[in-house]
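S.K.: Sequence first, predicted model second:
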Amino acid sequence: MTTEHTNSLSVLPLAETLTVEFKSDRKRLSDNDLVEALVCLANAEGGELWLGVEDDGKPTGLHEEHQNLAGLSGLVAARTSPSLQVTVSAFDIAGIRVAQIIVPKSNTEVATMAGVYLRRRIKHDGTPECVPMLPHERISRASSFGLVDVSAQPVAGCTLDDFDPLERERLRQAIRQYGGDRVLLDLDDEALDGALGFTQRQPDGSRVPTLTGLLLLGREAALQQRVSTHELAFQVLAQQAVRFNEFRRFPLLKALDWLETNFRPYNPEQELQVGLFRVPVPLVDMAAFREAVANALIHRDYHRMGAVHVRLEDEALVISNPGGLVDGVTLANLLVTEPRPRNRALADAMKRIGVVERSGRGVDTIYRGMLKFGRPAPDYGRTDAQSVVLQLHTVPADVAFRRMVVDIERQRNAELPIDSLIALGALREFKRLTAQALALNIQRDTASAQRTLEALTEAGLVEAHGNTRGRSYTLSASVYSVVSDKAAYTRQVGFGPIQHEQMVLSYIRQHGQIKRAEVMDLCHLTEGQAKELLRRLVVAKKIELRGAGRASVYVEFASPTQM
């Protein structure tokens with residue numbers, strides 16, 4: 001079925017992008033070329049193909065043989081495998097008929113019936129192109145959807161001789177050091193390999209190393225030969241000068257040890273006295289550092305060339321890895337989505353060893369390591385389809401805020417929930433917050449944000465202002481007292497009802513009248529709060545309403561003796 005639209009110039013995109021393709025139909029685009037272009041989109045991010053539009057975005061119309069679009073979706077389904085379901089719509093743009101074909105992103109690789117696999121990508125100049133999808137790219141794409149676990153697959157040509165006995169001993173020490181699954185310590189080498197998925201038994205009874213096994217126990221020569229994409233880079237850049245720049249192909253546990261050893265001299269820390277205890281305040285929290293680096297090594301795409309980069313810059317620690325977020329994980333649900341590792345076997349092994357958070361909520365550890373020091377939340381904003389980029393800003397810690405968090409957690413005898421820590425950090429930064437605004441920060445619904453804020457209110461850490469509908473929150477007077485900023489509390493709590501009334505009356509005396517919107521801006525109130533304030537002043541016969549609708553204003557009340 002084809003949908004018809006007229007006078008629709010505004011719907012035509014301005015230019016081609018990763019998800020927008022223009023195809024001229026003046027010489028009748030062949031069915032094969034059309035199907036290949038649609039396959040190309042489906043194997044990338046999906047999108048829309050505009051038939052009858054030139055590369056520069058100028059509509060020139062459909063060929064006479066394509067005027068009837070009724071059978072187009074069926075043709076596409078019949079010439080693709082698995083069948084690609086598209087939606088076709090006709091548009092009349094300034095009297096010129098064109099077709100829009102909506103292509104969904106496929107969670108499997110789509111080919112033409114001739115066996116052609118294509119994918120869409122962006123060239124170095126920012127323009128899109130269709131290129132062949134190579135076998136390793138097909139596996140990489142399947143792993144991003146969770147359809148294939150590359151890390152559980154045996155590595156061709158590898159033998160047990162490629163395992164390094166020294167790395168076996170390092171693994172057992174890591175289990176003790178990180179508090180991993182101690183049951184593993186009682187297993188012999190063969191049982192340990194089976195428990196952690198380091199080998200896969202073949203039909204003839206022999207054992208072959210998996211990618212997980214090679215990454216954790218492999219000799220460096222074997223890793224370089226068999227897993228050429230594996231590489232770790234540590235760089236220190238200070239005011240554009242390179243102070244440290246080295247690349248390694250170590251097995252993962254050795255790589256983490258090497259990286260941590262080289263990073264510590266660049267991670268100074270001060271000590272904070274809280275009661276009888278001394279609390280370290282480092283430039284970068286080591287638990288967050290370890291979790292972030294391990295996540296990059298675990299979740300990278302081992303079919304893509306490129307190193308995992310750990311780069312200390314003047315204002316941030318930047319950690320990046322090849323391969324974008326897996327399907328179902330977005331920047332808007334990082335904190336709440338269920339764990340979806342690209343390399344499940346590798347992730348499970350690292351959890352049991354104890355290197356990463358056992359519950360799979362390592363992102364919480366990274367957030368906690370930033371927020372408890374009063375620093376900005378981790379920044380994933382530079383992440384794209386090709387790589388995940390994490391920035392941990394190294395601004396000076398808020399020592400008073402850290403002291404407050406330590407005191408609260410000692411009173412509770414437990415860590416603050418991550419949502420509460422995010423809320424306190426947001427209130428520290430933005431001063432005043434609503435449940436709706438916090439919901440975006442914690443990536444939950446407004447009701448969950450409301451519960452978090454009310455729990456903090458009951459604990460005396462936050463104060464609520466206004467009625468239920470327009471309720472906003474600030475840090476409490478006790479918190480501002482702890483952080484030695486009592487004046488900020490007065491500024492952020494703002495003025496009480498009496499002060500609000502005086503501000504409105506003073507404004508009217510100066511300007512003769514005031515509108516509701518001006519009251520909202522003057523007193524920093526919501527629409528509902530401004531209505532209530534004006535209603536009180538009208539009832540008290542201090543002001544009166546003049547006019548109606550948008551023309552309505554409030555003026556000083558005129559008593560009968562004044563009239």
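M.R.: Cool, the structure landed.
S.K.: Could you pull up the contacting residues of the most centrally placed residue in the chain?
M.R.: Centroid check for the chain by Cα atoms, centre = their mean gives residue 331 as the closest residue, at 2.2 Å. By Cβ atoms under 8 Å, 6 or more residues apart in numbering, the residues touching residue 331 are 325, 380-381, 383. Glycine gets a C-beta too; all of them are placed from N, C-alpha and C.
S.K.: average pLDDT across stretch 88-103?
M.R.: The pLDDT scores in stretch 88-103 average 92.
S.K.: Just the buried residues of it, please?
M.R.: Using 16 or more other Cβ atoms under 10 Å as the test for burial, stretch 88-103 gives 88-91, 93, 97-103.
S.K.: Distance to residue 557 and secondary structure added to those, as CSV?
M.R.: CSV is the format used below for the buried residues of stretch 88-103 (distance: Cβ to Cβ, whole Å; DSSP: H, G, I helix; E, B strand; the rest coil):
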residue, distance to residue 557, secondary structure
88, 66, strand
89, 60, strand
90, 63, strand
91, 59, strand
93, 59, strand
97, 65, strand
98, 63, strand
99, 66, strand
100, 61, strand
101, 66, strand
102, 61, strand
103, 65, strand
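S.K.: just those now: which is nearest residue 392?
M.R.: Nearest to residue 392 among the buried residues of stretch 88-103 is residue 103, at 37.7 Å by Cβ to Cβ.
S.K.: could you dump the contacts of residue 331 to TSV with distance to residue 391?
M.R.: Output for the contacts of residue 331, formatted as TSV (distance: Cβ to Cβ, whole Å):
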residue	distance to residue 391
325	16
380	8
381	8
383	10
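S.K.: List only buried entries from those.
M.R.: Of the contacts of residue 331, these count as buried by 16+ other Cβ under 10 Å: 325, 380, 383.
S.K.: Keep only those of those that are in helices.
M.R.: Using DSSP state H to define helices, no part of the buried ones among the contacts of residue 331 is located there.
S.K.: worst-scoring helix or strand of this structure, pLDDT-wise?
M.R.: helix 486-493 (a mean of 46; mean pLDDT, DSSP states H and E).
S.K.: if we can go back for a sec, out of the buried ones among the contacts of residue 331, which one has the lowest pLDDT?
M.R.: Comparing the buried ones among the contacts of residue 331 by pLDDT, residue 325 comes last, at 87.
S.K.: so that residue touches residue 386, yeah?
M.R.: No: with contact defined as Cβ atoms under 8 Å, residue 325 and residue 386 do not form a contacting pair (10.8 Å).
S.K.: how about the buried residues of stretch 88-103 in a markdown table, adding distance to residue 119?
M.R.: Compiled in a markdown table, these are given as follows (distance: Cβ to Cβ, whole Å):
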| residue | distance to residue 119 |
| --- | --- |
| 88 | 22 |
| 89 | 25 |
| 90 | 28 |
| 91 | 27 |
| 93 | 29 |
| 97 | 30 |
| 98 | 25 |
| 99 | 23 |
| 100 | 21 |
| 101 | 17 |
| 102 | 18 |
| 103 | 13 |
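S.K.: which one among those gets closest to residue 475?
M.R.: Closest to residue 475, out of all of the buried residues of stretch 88-103 and judged by Cβ to Cβ, is residue 102, at 48.0 Å.
S.K.: check contacts around that closest one.
M.R.: Residue 102 neighbours (Cβ under 8 Å, 6+ apart): 47-48, 86-89.
S.K.: Any regions of the protein where pLDDT drops low?
M.R.: 1-10, 145-147, 358-360, 467-469, 480-498, 559-563 (pLDDT under 70).
S.K.: repeat that for 50
M.R.: 484-493, 563 (pLDDT under 50).
S.K.: Not counting its own residues, what contacts the helix or strand harbouring residue 258?
M.R.: Residue 258 is part of helix 252-263, with elements assigned from DSSP states H and E. Contact with helix 252-263 is made by 167, 170-171, 174, 215-216, 232, 234, 244, 246, 248, 250, 284, 286, 289-290, 293-294, 297, 310, 312, 350, 353, 355, as judged by Cβ under 8 Å, 6+ apart.
S.K.: packing partners for the helix or strand that comes right after that helix?
M.R.: Remark: after helix 252-263, the chain's next helix or strand is strand 269-274, criterion DSSP H and E. Other elements packing on strand 269-274 under the criterion 3 or more Cβ pairs under 8 Å, 6 or more residues apart in numbering; DSSP states H and E are strand 277-282, helix 399-412.
S.K.: Mind giving me the packing neighbours of the longest one?
M.R.: Packed against helix 399-412 by the contact rule (3+ Cβ pairs under 8 Å, 6+ apart) you find strand 269-274, strand 277-282, helix 418-430, helix 477-482.
S.K.: The ones you listed into JSON lines, with extra columns for distance to residue 455 and mean neighbour count?
M.R.: Below are the helices and strands packed on helix 399-412 laid out as JSON lines (distance: least, Cβ to Cβ, whole Å; neighbours: other Cβ atoms under 10 Å):
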{"stretch": "strand 269-274", "distance to residue 455": "23", "mean neighbour count": "13"}
{"stretch": "strand 277-282", "distance to residue 455": "24", "mean neighbour count": "14"}
{"stretch": "helix 418-430", "distance to residue 455": "7", "mean neighbour count": "21"}
{"stretch": "helix 477-482", "distance to residue 455": "15", "mean neighbour count": "16"}
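S.K.: in the stretch 101-250 of the chain, which spans are strands?
M.R.: 111-112, 118-122, 128-132, 199-201, 207-209, 232-238, 241-248 (DSSP state E, counting those that start in this stretch).
S.K.: List just the one of those that sits closest to residue 25.
M.R.: strand 128-132 (17.4 Å).
S.K.: the inter-axis angle of the closest one versus strand 118-122?
M.R.: 140 degrees (axes from the mean of the first three to the mean of the last three Cα atoms, to 10 degrees).
S.K.: The nearest residue to residue 132 once chain neighbours are set aside: what's it in contact with?
M.R.: Nearest residue to residue 132 in three dimensions, chain neighbours excluded: residue 118, at 6.2 Å (Cβ to Cβ, 6 or more residues apart in numbering). Shown in contact with residue 118 (Cβ under 8 Å, 6+ apart): 36, 39-40, 43, 130-133.
S.K.: Among those residues, name the buried ones.
M.R.: Neighbour-count burial (16+ other Cβ under 10 Å) applied to the contacts of residue 118 gives 36, 39-40, 43, 130, 133.
S.K.: Are any of the contacts of helix 252-263 buried, and if so which?
M.R.: Here, 16+ other Cβ under 10 Å leaves 167, 170-171, 174, 215-216, 232, 234, 248, 250, 284, 289-290, 293-294, 297, 310, 312, 350, 353, 355 buried among these.
S.K.: rewinding a little: quick one: the residue nearest to the centre of the chain and residue 454, what's the gap?
M.R.: 27 Å (Cβ to Cβ, to the nearest Å).
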